[in-house]
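[1] fold the following and give me the result.
(chains A and B)
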Amino acid sequence: MTPEFMNTYGWPAIFMLAHIGAIIGCILGVMAYYTYAERKVLGAMQRRQGPMTVGPFGLLQPIADGIKLLSKETIIPSQANKAVFLIAPMLTFSLALVAWAVIPIDAGLALADINVGMLYLFAISSMGVYGIIMAGWASNSKYAFLGSMRSASQMVSYEVSMGLVIVTVILCTGSLNLSDIITVPRPMWVQVMLFPMLIVFLISILAECNRAPFDLPEGESEITGGFMVEYSAMTFALFFLGEYTNMILMSAMTTVLFLGGWLPPFGIEALAVVPGFIWFVLKTFLIMFFFLWARATFPRYRYDQLMRLGWKVFLPFTLIWVLVVSGSLIYFDALPR
Amino acid sequence: MLQPLAFYLFATITLLSGLMVITAKNPVHSVLFLILAFFNAAGLFVLLGAEFVAMILVIVYVGAVAVLFMFVVMMLDTGFAELRKGALQYVPLGLIIGGVLLAELITVYSAWEFSPQAASNLVSAKGNLENTRALGEILYTDYVYAFQVSGLILLVAMIGAIVLTHRTRPGVRKQRIYDQNNRKREDAMTVVKVETGAGV
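    All right, here's what the predicted structure looks like:
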């Protein structure tokens, strides 16, 4: 171990590992208490109390749940394809974490501030479908297979409109780098034009994360638990973790694309005294609350309605809106340089 | 030091998974290995500095094309072992085709001379420009017609696929949301005053 070696490879590697550890620690902490928040918010919206037994105000509930899942027995069905069955939850969870590498939490505070950050995020989220397909196929069970088919077609369909929404935002910012997307100033009328896209994006991320009202892949009343039906203990916990991490990720993505990331809201300079990452976290929490709010409010969609919404409403609308936005950007000479 | 290491890692996994695609017994495993190969090929593109191509490779091939493969392979519930039974008789033909291709590759490669500019073209054609921007500038200026034509061909292929598979089935009950929303109370029901003992 020469000092030169440490300077070129050693210290950067240690710094990077520490950074990764910090990100994963934060995400897992937020994720654990997101499940608690979900139960509390749903409880409040349905005039119940939510978890109250474990610890003060039920605050230790996520930890108790975690210990319960860890100490259970992992059951692998005898007809399952063992390797694929075990890889599927790992893939889901690691993909949900890997995407965090490019999210800029504050100015310059991203693990990898790469030029094509937006494409990276999109690529990772489009791979998320494999965990689900593999789980459904490897379980060798009807319900699991039906659930994974539903989930896969749903995610593929809504990715189309999500992609077009992202294209529109990129047109207005002229860069695929996430930090640039946040910092490039957008005129007021561009913000207004992007607002319908924000609505489409919010609905699409619900479908992309398989959340209510689009939680058909899990649909308890029809296919019991969908692709997760054969999973137990730690393998189930990984799917669960992956799902919630994905929700937080999609919230962060919305924050980056539409809500201005770490910048103070509405461009109010006086609010810049609050550190940037706090704004980022608050904005992300807002979208995370939206997930719970939607779940408490809307009944589940029927499958053909879901497909209709994706292909016959969102796809034409976003396509036309890409044309409208790019046309007006050219007409008003507002294309970013 | 890290670059060659990463290159050999990605290249080895690409080759091995490529081999596994054709040797795996289970077709679903083949598709999964194919995905692994695509993914590692994307890693090789990143090492070349072509990050845009790498990401597009993952989005298009892994995220869309391979999903379709996967769907098809999972839906086909045929015994692939049986299909392979007679495969051995095609080995001579395969060897001939492979041999011809190999000979061609050797001829081409032995006569190959890299132009002196090639080394500087590896990362970006225009100096330190981001390669997304560089690609865009070339694609939408010099090659804009070729680009449009390829888009048109894809569109035609898509319409063709829809036309070929689309069939109208008679007697299917469809939900027409517009009609449903336009329904008034008067269309749906009438209030009838029923006399006691008289019926409707």
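[2] which helices and strands sit right next to the one helix or strand in chain A whose mean pLDDT sits lowest?
    Ranking every helix and strand in chain A by mean pLDDT, DSSP states H and E puts helix A:220-223 at the bottom, with a mean of 71. Here helix A:220-223 touches helix A:142-173, going by 3 or more CB pairs under 8 Å, 6 or more residues apart in numbering or on different chains; DSSP states H and E. Quick note: C-beta positions are derived from backbone N, CA and C, even for glycine.
[3] what parts of chain B come near chain A?
    B:1-2, B:26, B:28-29, B:32, B:35, B:51-52, B:55-56, B:58-59, B:62-64, B:67, B:70-71, B:74, B:130-132, B:175, B:177 (CB under 8 Å from any CB of the partner chain).
[4] from these, keep the buried residues only.
    B:28-29, B:32, B:35, B:51-52, B:55-56, B:58-59, B:62-63, B:67, B:70-71, B:74, B:130-132 (16 or more other CB atoms under 10 Å in any protein chain shown).
[5] for the chain, which segments count as helices?
    In the absence of a named chain, this looks at chain A. A:3-5, A:11-45, A:61-71, A:82-98, A:117-139, A:142-173, A:178-183, A:188-208, A:220-223, A:233-257, A:276-297, A:303-308, A:315-331 (DSSP state H).
[6] oops, chain B please
    Ranges of helices in chain B, per DSSP H, are B:2-23, B:27-48, B:51-57, B:66-75, B:80-83, B:91-110, B:131-139, B:144-165, B:177-182, B:185-188.
[7] where in chain A is pLDDT low?
    By pLDDT under 70, the low-scoring segments of chain A are A:1, A:219-220, A:337.
[8] likewise for chain B?
    B:77-84, B:118-129.
[9] try it again at 90.
    Scanning chain B for pLDDT under 90 picks out B:1-7, B:20-32, B:39, B:45-56, B:59-92, B:94, B:108-143, B:165-200.
[10] domain parsing for it?
    As recorded under automatic domain parsing, the domains making up chain B are B:1-77, B:118-167.
[11] identify whichever of these lies nearest to residue A:221.
    Set against residue A:221 and scored by CB to CB, these come closest in domain B:1-77, at 25.1 Å.
[12] quick one: distance of that closest one to the chain centre.
    11 Å (CA atoms, centre = their mean, to the nearest Å).
[13] burial count for the closest residue to chain B within the stretch 101-250 of chain A?
    As assessed by CB to the nearest CB, chain B sits closest to residue A:126 within the stretch 101-250 of chain A, at 3.0 Å. Neighbour count for residue A:126, taken as other CB atoms under 10 Å in any protein chain shown: 23.
[14] surely it is in contact with residue B:59?
    Yes - if you go by CB atoms under 8 Å, residue A:126 and residue B:59 touch, sitting 5.6 Å apart.
[15] before we move on, back to that, of the helices of chain A, which is nearest residue B:99?
    Of those, the one closest to residue B:99 (CB to CB) turns out to be helix A:82-98, at 35.5 Å.
[16] ok, back up a step: skip the chain neighbours and tell me the closest residue to the residue of the stretch 101-250 of chain A closest to chain B.
    residue B:63 (3.0 Å; CB to CB, 6 or more residues apart in numbering or on different chains).
[17] residue contacts, that neighbour?
    A:123, A:126, A:127, A:129, A:159 (CB atoms under 8 Å, 6 or more residues apart in numbering or on different chains).
[18] which two in these are spaced the farthest apart?
    Using CB to CB, the contacts of residue B:63 reach their maximum pairwise distance at A:123 and A:129, which is 11.9 Å.
[19] still on that earlier bit, for the contacts of residue B:63, give me CSV that also has distance to residue A:259.
    Shown next, in CSV, are those (distance: CB to CB, whole Å):
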residue, distance to residue A:259
A:123, 23
A:126, 23
A:127, 25
A:129, 26
A:159, 21
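[20] highest neighbour count among those?
    Highest neighbour count within those, by other CB under 10 Å: residue A:129, with 26 neighbours.
[21] which residue is nearest the middle of the chain?
    In the absence of a named chain, chain A is used. The centroid of chain A falls nearest to residue A:250 when counting by CA atoms, centre = their mean (2.8 Å).
[22] wait, I meant chain B there
    residue B:65 (2.2 Å).
[23] and stretch A:270-282, what's buried?
    Neighbour counts over stretch A:270-282 (16+ other CB under 10 Å) mark A:276, A:279, A:280, A:281 as buried.
[24] start to end distance for that stretch?
    With CA to CA, to the nearest Å as the measure, stretch A:270-282 spans 17 Å from end to end.
[25] wait, residue A:288 touches residue A:251, no?
    Yes - the pair residue A:288 and residue A:251 passes the contact test of CB under 8 Å, sitting 4.7 Å apart.
[26] any idea how far the residue in chain B that chain A sits nearest to lies from residue A:96?
    In chain B, the residue that lies nearest chain A is residue B:63 (3.0 Å; CB to the nearest CB). Here residue B:63 is placed at a distance of 15 Å from residue A:96 (CB to CB, to the nearest Å).
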